[in-house]
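Trainee: I'll drop the sequence and a predicted model, then ask my questions.
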Amino acid sequence: MTAEYKVHGDVAVITMNNPPVNGLGLATRRAIADGLQVANDDAAVKAIVITGAGRAFSGGADIREFDTPKAIAEPNLLSLIVAVENSAKPVVAALHSVAMGGGLELSLGAHYRIAAPGTSIALPEVKIGLIPGAGGTQRLPRVLGVETALNMIVSGEAVKSEMLAQLPGQKLFDKMASGAESLLDEAIAFARSVADARPLPLVRHLPCKHPQGDAYFQFARNMVKGMAKNFPAPAKCVDAVELATKKKFDDGLLQEREIFLNLMLTPECRALRHIFMAERAASKIPDVPEDTPQRKIASVAVIGAGTMGGGIAMNFLNAGIPVKILEMKQEALDRGIATIRKNYEAQVKKGKLKQDKYEQRMALLSTTLQYSDIKDADLVIEAVFEEMGVKQKVFEQLDAVMKPGAILASNTSTLDVNKIAAFTKRPQDVVGLHFFSPANVMKLLEVVRGEKTAKDVLATVMKMAKSIKKTAVVSGVCDGFIGNRMIEQYSRQAGFLLDEGCTPQQVDKAIEKFGFAMGPFRMGDLAGNDIGWAIRKRRAQERPDMMYSRTADKLCEMGRFGQKTGAGWYDYQAGKRDAIPSAAVNDMIAAHRKELGVEPRKISDEEIVQRLVYALVNEGAHILEEGIAARASDIDMVYLTGYGFPIHRGGPMKYADTVGLFNVMEAMKRFQRNPRDDAKFWEPAPLIKRLVAEGKTFN
C-alpha cells in the first residue's frame, strides 16, 4: 500500500508512503480516498489527519506517471481534493519536510493545516513549463494574499513554513508544530480540538482581491515578460491568479485546468519535462547497479594551478573537501592561488559569499611542489597541458606515488583515456573527468569511462559530482567525447557558411536568436581560436580527409586568437567584452572567397540554424550508435549544461524529435546536394534512417 490507515482513539491518520517524496500517483490517490471513506463510515472516528511518511509530506504529482493514462485516472488529484473538502468530519493536513506542487494543493483542500518548522512550501510547476493544475492558483492567493502567492507561483521557489507563518493575516497554517518529531501528536491533539467545530472551514470560501486590481496584474505581466521571454508558463501564472480575484471559485478552477492542459502540449513544456527526466536519467549507468559500493573521497589533489586546475579545486573547496594543488614551479602556484582568492573576493564583494565562509574555504587549500606530498589523496585530478607526452609523465608519477585504491582522473577534453590509463599499472582506477571552463561555474562534468575503469570508480565519481553540484554525464572513449566531438561538426558548418556568403555576425545573430547563449564565432573568441587551430593541425595528420574552411586558420595566422589578444573574429576594446564587427576579418573572408572562386550567395537565418543544429544531431546519432552515449537525453544534458543550447528547446536530440526526424532527414539530403558542403558528412546516420522508417524518435 502507498498510504497507510491507522486509528488513534477517535482520530484516523492517513499516512502517504510512496518513497522518495510521496508522489501522488494513482495508487496513492486511491488509498487516500479509501481512507477518507473508511474514516467517514466509522462512527468512532471524530476527525482525520493526513500526513506523509519519511522525508516528505508530499512532493506532488508522481512524474513517473506523466503522459500515461494513470495521470488522469480517477480519482485524479482534483477529484481527491473535492473528496477531502466534502468529508463530513474535519480533515487536518500535517505538513513536514516538503509540501510542494500537488502535495501543497492537496493540503489546501483540507479544513485545517498544521506545519513543522523547516517545511519547504512551493508550487514549482512553472519549472517544467506548467502552472499548478489542481487549484493552486485559486487557493494559494486566498490564504497568503495575491502578491505573496503570485511571487511563489511565478518563481516556483520554495519558502520555509516559519517564514510564511509570520505573514500578517496568513491563513495557510492554523498552527505551527513545535518540531517534526512531535508533529503527528500535535496534529492528532489539534484534530481532537476541532472535532466538533461546524461549519467546516474551506479555503475556497475565503475572499480574494488585490487593492490595485488591473494595475497590479499589468505590472506583474510586464515584469514576467522581461524575465521569461521564451517560456509561456510564467505569464499564464499571472492570468490564472488574476482569475482567482475576478471569477467565482469553480469558474476559476475550470479555467486554471484549461490553461494547464494547453501548456502540457507546448514544445517548451515538453522540453522542460524532458530535461527534468533527463537529469535524473543521466546519473544512472545501465550496468552499474545503484547499490555498487563506493570509495571514500575525503581529500583531493589537483595537478596544475592554471585556470582549469584552480577552477576544479574551487568546486571541492566549496563542498568542504580539502584540496592540495601540485605545480612544478612556486611562481605558478602563487599565480594560481592568487586567482582563486580573486574569484572568492569578487563573490564576497557582491554579497554572494560571507567573509567567514571564504576564510573556511581557503583554509582547506594547501599547495606543494612534490608528488610525494599528495600520496594519500583519495582522488587526484590532472589538469595539465592537453598533450599526450605531458599526460604520460604525470600519470607515470602518479602511478608510482599514489596509495592503492586512489582514483586517478584526467581532465582531458579530447585525448584517449585508454592510452592515459595504460601509462599506469592500475588502469581500473583511471577515469576521465572533463570539467568545462570556467570549471567553478559550468554545471557539466563529462565522466569518461575507459575500457578498464572499475564500476566502483564510476559509482564514486557520479556521487562525487552531485556533492560538488555538477550534472555528470557518462561518455565512452572517442576523440572529443560527446560534447567536443559534436561541436567540431557545428564549427565546421559555421566555417562553410562563411565560405558561401555569411559574415561571422550574421551566423552568430541567427543562432543567438534561436536561443543559444553565444554564436560559434563569439564562442571561439572567448575560448581562444588557437585551441581549434591546434586541433585542426592534429586532424591534418590523423584525418587528412576532414574538410574545413580555411578562414579559421587564416584568422590565427593574423594573430587574432580572440578576447585574450584583443582581436579574433571580432575586434575588442581594452577591458570590454563587446564584440565589434571587424573590417579586417570581413576583407580576409572576401579575399578567401575570391581564391576559391566562390560567388557569395544570400543565406537565410533558417538555413544557418538548420545546418549548425542538424550537424550536432547527425553526429549525436553516430555517438548513440557507437555506444559512446547511453541515451539521447544524455547528449541533450551535455549541450544544455555545457554548451549553452537553449533550455526551452530541450537539447539538440529533443529538438530534432520536436521538428520531426523525417523533416530533419529531408534537410540533410538537401545539404548533401550543396557543392561547397561536406556531402559525406550529411549522409543521415543509420540510426536516424532506422527511427524514421519505424516512426520512432530519439527520446
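Mentor: Arrived safely, thanks for sending.
Trainee: in the stretch 501-650 of the chain, where is pLDDT below threshold?
Mentor: Judged against pLDDT under 70, the stretch 501-650 of the chain has no low-scoring part.
Trainee: how about the helices of it, start to end?
Mentor: Assigned helices in the stretch 501-650 of the chain, in chain order: 504-514, 520-527, 529-542, 551-557, 583-596, 605-625, 632-642 (criterion: DSSP state H, counting those that start in this stretch).
Trainee: buried deepest among the ones you listed, which one?
Mentor: helix 632-642 (a mean of 27; mean count of other C-beta atoms under 10 Å). C-beta here means a position set from N, CA and C on the backbone, and glycine is covered the same way.
Trainee: give me the domain ranges for the protein.
Mentor: Residue ranges for the domains of the chain, per automatic domain parsing: 3-264, 300-475, 483-694.
Trainee: distance to Arg270 added to those domains, as JSON lines?
Mentor: As requested, the domains of the chain are exported to JSON lines (distance: least, C-beta to C-beta, whole Å):
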{"stretch": "domain 3-264", "distance to Arg270": "8"}
{"stretch": "domain 300-475", "distance to Arg270": "20"}
{"stretch": "domain 483-694", "distance to Arg270": "7"}
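Trainee: nearest to Pro286, out of these?
Mentor: domain 483-694 (5.9 Å; C-beta to C-beta).
Trainee: can you pull out the helices in the stretch 51-200 of the chain?
Mentor: Using DSSP H, counting those that start in this stretch, helices in the stretch 51-200 of the chain cover 77-85, 102-109, 136-144, 146-155, 161-165, 183-193.
Trainee: which secondary structure elements does the second one contact?
Mentor: For helix 102-109, the packing partners by 3 or more C-beta pairs under 8 Å, 6 or more residues apart in numbering; DSSP states H and E come out as strand 47-52, helix 77-85, strand 91-95, helix 136-144.
Trainee: list the contacts of it.
Mentor: Helix 102-109 is contacted by residues 21-22, 24, 32, 50, 52, 56-61, 77, 80-82, 84-85, 91, 93, 95, 99, 113, 121-123, 132, 134-136, 139-140, 143, 203 when judged by C-beta atoms under 8 Å, 6 or more residues apart in numbering.
Trainee: what mean pLDDT would you report for it?
Mentor: The average pLDDT for helix 102-109 rounds to 98.
Trainee: for that helix, the distance to its chain's centre please.
Mentor: 26 Å (C-alpha atoms, centre = their mean, to the nearest Å).
Trainee: kindly export it (C-alpha atoms) in CSV.
Mentor: The C-alpha trace of helix 102-109 is given here as CSV (Å, rounded to 0.1, in the frame of the first residue of the first chain):
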residue,chain,number,x,y,z
GLY,A,102,0.1,18.7,-5.8
GLY,A,103,1.1,17.9,-2.2
LEU,A,104,0.5,21.6,-1.2
GLU,A,105,-2.7,21.7,-3.4
LEU,A,106,-4.0,18.6,-1.5
SER,A,107,-3.3,20.3,1.9
LEU,A,108,-5.2,23.4,0.7
GLY,A,109,-8.3,21.2,0.3
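Trainee: now that helix and strand 91-95, what's the angle there?
Mentor: 140 degrees (axes from the mean of the first three to the mean of the last three C-alpha atoms, to 10 degrees).
Trainee: would you mind listing the buried residues in stretch 321-331?
Mentor: By neighbour count with 16 or more other C-beta atoms under 10 Å, stretch 321-331 contains the buried residues 321, 323-327.
Trainee: measure Met190 to Leu254 for me?
Mentor: Slight slip there: residue 190 is Phe, not Met. 33 Å (C-beta to C-beta, to the nearest Å).
Trainee: between the two, who's got more neighbours?
Mentor: Using other C-beta atoms under 10 Å, the more surrounded residue of Phe190 and Leu254 is Phe190, with 22 against 13.
Trainee: show me the contacts for the closest residue to Arg30 other than its chain neighbours.
Mentor: Ranked by C-beta to C-beta, 6 or more residues apart in numbering and with sequence neighbours excluded, the top spatial neighbour of Arg30 is Pro75, at 6.6 Å. Going by C-beta under 8 Å, 6+ apart, Pro75 touches 29-30, 33, 83.
Trainee: likewise Lys443?
Mentor: Contact analysis of Lys443 by C-beta under 8 Å, 6+ apart lists 469-471, 641-642.
Trainee: shaky segments in the stretch 201-350 of the chain?
Mentor: In the stretch 201-350 of the chain, no residues with pLDDT under 70.
Trainee: how about the helices of it, start to end?
Mentor: According to DSSP H, counting those that start in this stretch, the helices that the stretch 201-350 of the chain contains are 214-227, 233-246, 249-264, 267-282, 307-318, 330-349.
Trainee: which of the contacts of Pro75 has the most neighbours?
Mentor: Ranked by neighbours (other C-beta under 10 Å), the contacts of Pro75 are led by Arg29, which has 26 neighbours.
Trainee: isn't that one up against Leu78?
Mentor: No: counting by C-beta atoms under 8 Å, Arg29 does not reach Leu78; the two are 10.4 Å apart.
Trainee: thinking again about what came up before, just send the helices of the stretch 51-200 of the chain back as a markdown table, with distance to Arg295 too.
Mentor: Formatted as a markdown table, the helices of the stretch 51-200 of the chain follow (distance: least, C-beta to C-beta, whole Å):
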| stretch | distance to Arg295 |
| --- | --- |
| helix 77-85 | 43 |
| helix 102-109 | 36 |
| helix 136-144 | 44 |
| helix 146-155 | 39 |
| helix 161-165 | 38 |
| helix 183-193 | 38 |
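Trainee: from these, which stretch is densest packed?
Mentor: Among the helices of the stretch 51-200 of the chain, highest average neighbours (mean count of other C-beta under 10 Å) belong to helix 102-109, with a mean of 28.
Trainee: out of the helices of the stretch 201-350 of the chain, nearest to Asp571?
Mentor: Of the helices of the stretch 201-350 of the chain, nearest to Asp571 by C-beta to C-beta is helix 307-318, at 23.7 Å.
Trainee: tell me the angle the closest one makes with helix 330-349.
Mentor: 50 degrees.
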